[in-house]
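Participant: Next input, structure requested:
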Amino acid sequence: FTVKNTTPFTISGYLGFFADLDVGRPSRDTGFLFSSLRCALMGAVDGSFTGYIGIQALSPTANISFIRNSLWFPISDSVKFSFLRGDLTFSPDTVSDWSVMLSSGPYTLNPGDSATFHIRLFYSTTPNCPVLTFSEENIVKLGSSKVEIYDISGRRVSKLKKKGVYFVREGRGFRKVILR
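Facilitator: Sure, this is the predicted structure:
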């Protein structure tokens, strides 16, 4: 999503996404937090839902956290801001009714400026985040360690474009890479 400053003033803050996924029975949620992958997965331990719902930030994050609903809801604006800023961060430590949040920033937007936060929602059959995103610098580092890079049509490429979808060969498999 994109936020545009339509005021005549400079504003500062964070972009965030809060979700109460209620996978299966709400009180039986479990989850996995993969901070380095900017990803959280939510599942159910009682068999009421098979698989996991994932939320992954494709933009750099300020914070990614689980929120135990019984402790934090209803959630005040000041507590929301503490989560957005990264002052509060929790991993799921028990079976409970959980929500999840991701944030990006801080941003300072002059009048007319915009900021964009890309988020992916997905389903996974395993407790893994299947897709990673890398900056161009990380792709170049991967390239120096003898990986093969392919464009979206499957052709091997020797140079990366500034933007696009690529696939990096890792062992016998491929990892999708998005340059924005």
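Participant: what about the helices in the protein?
Facilitator: In the chain, the helices defined using DSSP state H lie at 69-72, 77-85, 136-144.
Participant: Against residue 31, how distant is the nearest residue to residue 49 once chain neighbours are set aside?
Facilitator: Spatially, and ignoring its direct neighbours in sequence, residue 49 is nearest to residue 24 (3.5 Å; CB to CB, 6 or more residues apart in numbering). To be clear about C-beta, it is placed using only N, CA and C from the backbone, and glycine gets the same treatment. Per CB to CB, to the nearest Å, residue 24 is found 12 Å from residue 31.
Participant: which neighbours do the two share?
Facilitator: Residues touching both residue 24 and residue 31 by CB atoms under 8 Å, 6 or more residues apart in numbering: residue 43.
Participant: who has more neighbours, these two?
Facilitator: residue 31 (23 against 18; other CB atoms under 10 Å).
Participant: Surely the more buried one is in contact with residue 40?
Facilitator: Yes: between residue 31 and residue 40 there is a contact under CB atoms under 8 Å: 6.2 Å.
Participant: what do those two both touch?
Facilitator: Common neighbours of residue 31 and residue 40, using CB under 8 Å, 6+ apart, are 66, 100.
Participant: on that earlier part again, averaging pLDDT over each of the helices of the chain, which comes out lowest?
Facilitator: Lowest mean pLDDT of the helices of the chain: helix 136-144, a mean of 43.
Participant: what's the first-to-last distance across stretch 80-92?
Facilitator: 18 Å (CA to CA, to the nearest Å).
Participant: May I see the buried residues of it?
Facilitator: Within stretch 80-92, the residues scored as buried using 16 or more other CB atoms under 10 Å are 80, 83-86, 88, 90, 92.
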